[in-house]
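**Q** all I have is the shape, not the residue letters:
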């Protein structure tokens, strides 16, 4: 179990990342590629990416990248610098400037119990050419594996951010931390991650916590190993929030579903849920019964226009990209 200890100052300084973090998504997607998943959204992505990777010529570079991001266990902190909150290029620039002592420490930890490719030695010595080559390889992998799917990743993260924003508006930062269930549990100033692979405690010491919503994060939230680095907790989002990000579904079966939905009340439901809305609020704003509001939301959700999340006795509805596109003139 991971226990993250908050002071009052830490609660004030806790925030959610402004968008999907491209570097974290790269690293966590590498963890998911070798395995299998029952998630149909990941199964199709994995098939396409593995097919494209087999066509790549620079096999040695990819071998090093996969070795640095094993599917289980420790992976180096330096791969996901805090600066990536400002975008991919900022993250890569920070990676190229990683101090030699951190590179050596992280790669020594990674090599404990596993054999690394020969190219890791130059990386551990901090050779500029090795760091530049690594960032170039990460960029190529990102373009191949995430580029075609990035709009969906962003949409799922944005839907999650709307949900967390609502939790803050309703119950403050403690409401935000409580909303991270079931992967995390907030109680008496401590955020607990029950299924964390190793037992440890992290004291924030007034630095606050950056929460990073992630499409490719598996079931358990992820934190950096080094307690001296800026505290980050990466947590999984509902991937359904990224469906139909490129207008998919606007033809064929999707058009038939939309035709069934066109009508004054359901159009009003879509408009009302643009910034997130509970079932009770839908009923009050549209002056319909809670049962009718729930029924309309269910139809819209089944058509891929809404995503719904239950938090105790409240169900919060947010738009998918397709639902948002319908509202765009």
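**A** Structure received. As the structure is a computational prediction, the values presented were derived from the model and not from experiment.

**Q** burial count for residue 239?
**A** By the criterion of other Cβ atoms under 10 Å, residue 239 has 21 neighbours. From N, CA and C alone the C-beta is placed, and that goes for glycine too.

**Q** the closest residue to it other than its chain neighbours sits in which helix or strand?
**A** Closest residue to residue 239 apart from its sequence neighbours, by Cβ to Cβ, 6 or more residues apart in numbering: residue 41 at 4.9 Å. Taking DSSP states H and E as the definition, one finds residue 41 inside helix 40-53.

**Q** packing partners for that helix?
**A** Here helix 40-53 touches helix 128-145, going by 3 or more Cβ pairs under 8 Å, 6 or more residues apart in numbering; DSSP states H and E.

**Q** so which bits of the helix it packs on are buried?
**A** 130, 131, 133, 134, 135, 137, 138, 141, 142, 144, 145 (16 or more other Cβ atoms under 10 Å).

**Q** again, but for stretch 171-184
**A** 173, 175, 176, 177, 178, 179, 180, 183, 184.

**Q** where along this protein do the helices fall?
**A** 8-12, 22-32, 40-53, 59-68, 88-96, 100-111, 119-124, 128-145, 150-178, 253-261, 264-272, 279-286, 290-302, 321-327 (DSSP state H).

**Q** of all those helices, which lies closest to residue 229?
**A** helix 100-111 (9.2 Å; Cβ to Cβ).

**Q** follow-up on the earlier one: just name the most buried of the helices of the chain.
**A** Neighbour counts (mean count of other Cβ atoms under 10 Å) averaged over each of the helices of the chain peak at helix 22-32, with a mean of 23.

**Q** and the angle from that helix to helix 88-96?
**A** Using axes from the mean of the first three to the mean of the last three Cα atoms, to 10 degrees, the direction of helix 22-32 lies 80 degrees away from that of helix 88-96.

**Q** same question for helix 22-32, mean pLDDT?
**A** In this model, helix 22-32 has a mean pLDDT of 96.
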